[in-house]
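Undergrad: Structure of the sequence below:
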Amino acid sequence: MLKEGTEAPDFQLKDAKGKECTLSQYKGKKVILYFYPKDDTPGCTKEACDFRDNIGIVANKKAVVLGISADSEASHGKFTQKFGLPFTLLSDPEKKVIQAYKAWGEKSMYGRKYMGIFRTTYVIDEKGKILKSFENVKVPGHVEEVLSLL
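TA: The predicted structure follows:
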């Protein structure tokens, strides 16, 4: 995990429409930056929909939600449309940002080891510093925990 109080690494990734997005463009707002394994899978859908259902609270607190996975821009577009997600999903197929934020590593499921994305969330303050980090996120109750920091 990146340390709280340190500068969040800037990045440049494309959204579902192919538009370039950087972290620095959100200076002056709090950013909920969450990393998730895969579009349209049960846990990732639940997490995305929990953020969707609370987007009014996020907006009232002058914050934004950005989701990052290794899925393609097209996949993000379908996922966004299917679930009416009102926030930006960013595509990191080369996993450079995912690795920079320490959200990539060896995982284990049913005794099989493989490399994958750790469900990780960072809350970044208005100046670009990491306010809080959450690793190995459990989806139920996570969004409420994040919202309590805004």
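Undergrad: just the strands in this protein please.
TA: 12-15, 20-22, 30-35, 63-69, 88-91, 104-109, 112-117, 120-124, 130-134 (DSSP state E).
Undergrad: which one is the spatially most central residue of the chain nearest to, not counting chain neighbours?
TA: Using CA atoms, centre = their mean, the residue of the chain that lies closest to the mean C-alpha position is Tyr34, 1.9 Å off. For Tyr34, ignoring the flanking residues on the chain, the nearest one in space by CB to CB, 6 or more residues apart in numbering is Thr121 at 4.3 Å. All C-beta spots, glycine's among them, are computed from the backbone N, C-alpha and C.
Undergrad: how close does the one you found sit to Lys82?
TA: Distance from Thr121 to Lys82, counting by CB to CB, to the nearest Å: 22 Å.
Undergrad: more crowded one of the two?
TA: Thr121 (24 against 11; other CB atoms under 10 Å).
Undergrad: For the more buried one, report the pLDDT, please.
TA: Listed pLDDT for Thr121 reads 97.
Undergrad: do you know how far the closest residue to Phe134 other than its chain neighbours is from Gly18?
TA: Take Phe134 and drop its neighbours on the chain: the residue closest to it by CB to CB, 6+ apart is Thr121, 4.3 Å away. Separation of Thr121 from Gly18 (CB to CB) stands at 25 Å.
Undergrad: repeat for Glu145
TA: 33 Å.
Undergrad: Can you pull out the residues in contact with the lowest-mean-pLDDT helix or strand in the chain?
TA: Sorted by mean pLDDT, DSSP states H and E, the helices and strands of the chain end with strand 104-109, the least confident at a mean of 89. Residues outside strand 104-109 that contact it (CB atoms under 8 Å, 6 or more residues apart in numbering): 95, 98, 113-118.
Undergrad: Backbone torsions only: list them for the closest residue to Lys27 other than its chain neighbours.
TA: Nearest non-adjacent residue to Lys27, counting by CB to CB, 6+ apart: Gly128, 5.9 Å away. Dihedral pair for Gly128: phi 90, psi 10, per degrees, to the nearest 10.
Undergrad: who's in contact with Gly128?
TA: 7-8, 10, 23-24, 27.
Undergrad: related to what we said a few turns ago, looking at it, the residue nearest to the centre of the chain is touching Thr120, isn't it?
TA: Yes. Contact criterion CB atoms under 8 Å: Tyr34 and Thr120 qualify, at 7.1 Å.
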